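Trainee: Sequence and predicted model, in that order:
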Amino acid sequence: MSPSRSIVELGDLVQSNTRSIHDLLNSASIPQPSLALGAPEQPLVYLGAIEECRAVLLEALDELRALVLGPRSYIFNTSIIAPSCLATFHSLYKFRIAQHVPLDHEISYAELGERCGLLEVDVRRIVRSAVALRIFEEDTIGFVRHNASSAVLSTKLGHDAVGFATDEYGRAATRYSESLERFPGSEKPGESPCAIANGTIGDSNAFTLIADDEPRVSRLANAMSFMTTVPETSMDHLLENVPWSPARGRNHGCPEIVVDVGGSRGTLMEALLRKYANIRKGIVQDLPEVTLRNTTEPKPEDLADKLVYQEYDFFTDQVVKDADVYIFRTIVHDWPDSYAVKILRNQIPALKPGAMILINDICMQPGTEKSKLASLGKCSYDLMVKMGLNAKERTEDEWRQLLASADERFKIQSIICPPCAVHSIIEIVWKG
Ligand SMILES: C[S@@+](CC[C@H](N)C(=O)[O-])C[C@H]1O[C@@H](n2cnc3c(N)ncnc32)[C@H](O)[C@@H]1O
């Protein structure tokens, strides 16, 4: 991480990298960034040179802002504004405000209030707070219209992602410190801030406690799908860097049977099957309530013969024997060590020698993170999994220890983190 830099140094970095990004986008025929409604979408993953400039630029902007604000304003702007942001986002979600704003024209606060079932004064206050966060525009005083950010909120997946974060984790965040006092060092999901917030202290976990609540199950699955479309957490990083991809030098042949354990809606599997046509079968495993929802909707026509949804609880023995690859994308990080070890050991009875386990999760790099922004992103996930299930994000050493304690025959072949991705790809081969 770079030491503190002067505002002139940072300003120069901002200028030079902004210019470079502008020119690189032009030469790659990628439209310039814009928050205007209907502006062409930016790629989820840019070419390497653009990604590098973006990372330097974003970090410089962030540091410059902190310096220019100064310590008092900086603390005010980061902490005191946090609850207002939570109130804003949660209300946007709760009253479906973005979905009630027409996509093609502005609407008065009075009419928007009626559509949302809110007083004009209340809807105006929430929306103006959002406008200040660059979500929506108020060109005509008293009227609101969408911009590109608010349009994301009006989509089902964007709406549910904000709902999941603010509704489930907003409540848990306020119980975080209480959980540390009541259950110091706990590694039990049933003693997590989430369990305290839901009044379910005991044996439940964040998944079992919502199992009978279809809207919450569906919201979680939609939030996960949304995250696959956010640049930092996009599934494209994994798709492009699976061990059998051209980007990895094709060190491996393409697998025939791939299982996505805890694969939620199957968004990743669909993309894998489309990108790697030699995968003969892709099995998406998840809890019964998630699988039920998947199977009530028609499969994508082009994948009907290859895509399978299957109920499977990863706290029991793996039911698909002899697959080539078992993927765990953002699964193991949800679980404290003793649970994670069980999940891994439960795969063993099904594994043929040479079978691959691919874990796609964060590797924390305390002290050596590329930037404070990268660190902030990972620390946020670390706090989220602690809130959700008393789990943690792991360092590379902790991953190695976890796998070794699950079974010495799990051999880590490689750990890579694609540039600008939050999640690393841990390739493990079963040497049994
Ligand atoms: C954080 S989400 C990750 C979803 C997906 N892999 C992704 O990256 O978008 C965790 C997933 O694990 C599933 N899950 C939780 N407990 C499970 C269990 N005991 N057995 C199987 N799946 C489980 C949840 O239903 C959810 O889909």
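Mentor: Alright, I've got the coordinates. Everything numeric in this text was worked out from a predicted model, so none of it was measured.
Trainee: count of neighbours near whatever residue of the stretch 251-400 of the chain ends up closest to the ligand?
Mentor: Evaluated by CB to the nearest ligand atom, the stretch 251-400 of the chain has Gly262 as its residue closest to the ligand, separated by 3.2 Å. For glycine as for every other residue, the C-beta is placed from the backbone atoms N, C-alpha and C. Here the number of neighbours of Gly262 (other CB atoms under 10 Å) works out to 22.
Trainee: Check Val308 too.
Mentor: 18.
Trainee: Contacts only, for it.
Mentor: Applying CB atoms under 8 Å, 6 or more residues apart in numbering, we find Val308 in contact with Lys281, Gly282, Ile283, Val284.
Trainee: Format these as CSV; extra columns: neighbour count, distance to the ligand and pLDDT.
Mentor: Formatted as CSV, these follow (neighbours: other CB atoms under 10 Å; distance: CB to the nearest ligand atom, whole Å; pLDDT from 0 to 100):
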residue, neighbour count, distance to the ligand, pLDDT
Lys281, 17, 18, 98
Gly282, 27, 13, 98
Ile283, 22, 12, 98
Val284, 26, 9, 98
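Trainee: Run through the residues that contact the spatially most central residue of the chain.
Mentor: Nearest to the mean C-alpha position of the chain, by CA atoms, centre = their mean, lies Met227 at 4.1 Å. Contact analysis of Met227 by CB under 8 Å, 6+ apart lists Ala161, Thr233, Thr330.
Trainee: Hmm, which of those is lowest in pLDDT?
Mentor: The member of these with the lowest pLDDT is Thr233, and it reads 95.
Trainee: ok, it - contacts?
Mentor: Met227, Ala421, Val422, His423.
Trainee: The ligand next: which of the contacts of Met227 are close?
Mentor: Filtering these for proximity to the ligand (criterion: CB under 6 Å from any ligand atom) leaves Thr330.
Trainee: So which of the contacts of Met227 belong to helices?
Mentor: Of the contacts of Met227, the ones assigned to helices by DSSP state H are Ala161.
Trainee: Present the contacts of Met227 as TSV; the columns should include distance to Glu311.
Mentor: Formatted as TSV, those follow (distance: CB to CB, whole Å):
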residue	distance to Glu311
Ala161	25
Thr233	26
Thr330	20
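Trainee: Could you see whether the ligand lies near stretch 331-339?
Mentor: Yes: using CB under 6 Å from any ligand atom, stretch 331-339 reaches the ligand at Ile331, Asp334.
Trainee: Now do the end-to-end distance for that stretch.
Mentor: One end of stretch 331-339 sits 11 Å from the other (CA to CA, to the nearest Å).
Trainee: Just the residues contacting it, thanks.
Mentor: With CB under 8 Å, 6+ apart, stretch 331-339 has contacts from 187-189, 206, 261-262, 314-315, 340, 343-344, 359, 361-362, 381, 385, 388-394, 402, 405.
Trainee: And for the closest residue to the ligand within the stretch 101-250 of the chain, the neighbour number?
Mentor: Relative to the ligand, the nearest point of the stretch 101-250 of the chain is Met224 (3.6 Å; CB to the nearest ligand atom). Neighbour count for Met224, taken as other CB under 10 Å: 23.
Trainee: swap in Val8?
Mentor: Neighbours of Val8 under the rule other CB under 10 Å: 9.
Trainee: That one: which element?
Mentor: Per DSSP states H and E, Val8 falls inside helix 7-27.
Trainee: Name the residues of that helix that are buried.
Mentor: Across helix 7-27, burial judged by 16 or more other CB atoms under 10 Å covers Leu10, Leu13, Val14, Asn17, Ser20, Ile21, Leu24, Leu25.
Trainee: What is the distance between whichever helix or strand comes after it and the centre of its chain?
Mentor: Next helix or strand after helix 7-27 toward the C-terminus (DSSP H and E): helix 48-75. Relative to the chain's own centre, helix 48-75 is displaced by 22 Å; criterion: CA atoms, centre = their mean, to the nearest Å.
Trainee: which strands and helices sit next to the very next helix or strand once past helix 48-75?
Mentor: Using DSSP H and E, the helix or strand that follows helix 48-75 in sequence is helix 81-94. The elements that helix 81-94 packs onto, with contact taken as 3 or more CB pairs under 8 Å, 6 or more residues apart in numbering; DSSP states H and E, are helix 120-132, helix 156-163, helix 169-173.
Trainee: How about residues contacting the helix or strand just after the first one?
Mentor: Think helix 120-132. The helix or strand immediately downstream of helix 120-132 is strand 143-144, counting by DSSP H and E. For strand 143-144, the external contacting residues (CB under 8 Å, 6+ apart) are Val101, Glu106, Ile107, Ser108, Tyr109, Leu112, Val127, Val131, Phe136, Glu137, Glu138.
Trainee: show me what contacts the third one?
Mentor: Shown in contact with Ile107 (CB under 8 Å, 6+ apart): His100, Val101, Arg115, Phe143, Val144, Arg145.
Trainee: Just list whatever residues bridge to the fourth one.
Mentor: Listed by DSSP bridges, the beta-bridge partners for Phe143 are Ser108.
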